[in-house]
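Asks: Quick one, what's the 3D model for this:
(2 chains)
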There are 2 protein chains.
Amino acid sequence: MKQVTLTVEGMSCNHCVNSVEGALKSAGASGKVDLASNTVAVEYDESKISLEALKEAIEEQGYDIVS
Amino acid sequence: MKQVTLTVEGMSCNHCVNSVEGALKSAGASGKVDLASNTVAVEYDESKISLEALKEAIEEQGYDIVS
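Replies: Okay, here's the model as predicted:
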């Protein structure tokens, strides 16, 4: 399993947490949002899904990946 | 129809807008959230529902009524 921490703009409340973590789960990964630091700790199997696809899943929820 | 504008704390994103407006709709009223001013313009039939009940519907979504 690969782990990466993304910085994501626009996550402001628990609805956003559910939205982002749910999108990662639907994509076959797992994520843990920390609202205070605007980050998402993502864990995924890189033989199954790319980081690029996971970033897109987050962006589709209306958030911007900063780094 | 009676109209009132409430100031509500904690509404931060479009999920919150949907949450608050949806709760008012479920209660038989209608509401329009303005995130920039932290307000909800509520329209309701006071022969059918009380303002108190509408405030509770908003609070049940996890928001605080300031005024």
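
Asks: Indicate the residue of chain A located nearest to chain B.
Replies: Per C-beta to the nearest C-beta, A:H15 is where chain A lies closest to chain B, at 3.2 Å. Placement of C-beta: from N, CA and C, glycine included.

Asks: Now name the helix or strand holding that residue.
Replies: Using DSSP states H and E, the element containing A:H15 is helix A:14-26.

Asks: residues in contact with stretch A:6-13?
Replies: A:16-17, A:20, A:33, A:35, A:37-40, A:42, A:55, A:58, A:62-67, B:10, B:12-13, B:15-16 (C-beta atoms under 8 Å, 6 or more residues apart in numbering or on different chains).

Asks: do stretch A:44-54 as well
Replies: Contacts of stretch A:44-54 (C-beta under 8 Å, 6+ apart): A:1-2, A:4, A:24, A:27-30, A:42.

Asks: Any idea how far apart the tips of that stretch sit?
Replies: Across stretch A:44-54, the terminal residues are separated by 9 Å (C-alpha to C-alpha, to the nearest Å).

Asks: before we move on, back to that, of the contacts of stretch A:6-13, just the buried ones, ChimeraX syntax please.
Replies: Those of those that count as buried under 16 or more other C-beta atoms under 10 Å in any protein chain shown are selected in ChimeraX with:
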select /A:16,17,20,33,38,39,40,42,55,58,63 /B:12,13,15,16
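
Asks: Among the contacts of stretch A:6-13, name the ones in strands.
Replies: Secondary structure defined by DSSP state E assigns A:33, A:39-40, A:42, A:64-65 of the contacts of stretch A:6-13 to strands.

Asks: quick one: low-confidence ranges for chain A?
Replies: For chain A, no stretch is flagged by pLDDT under 70.

Asks: Check it for me, the residue farthest from its geometric middle.
Replies: In chain A, the residue that sits farthest from the middle, by C-alpha atoms, centre = their mean, is A:S47; the gap is 17.8 Å.
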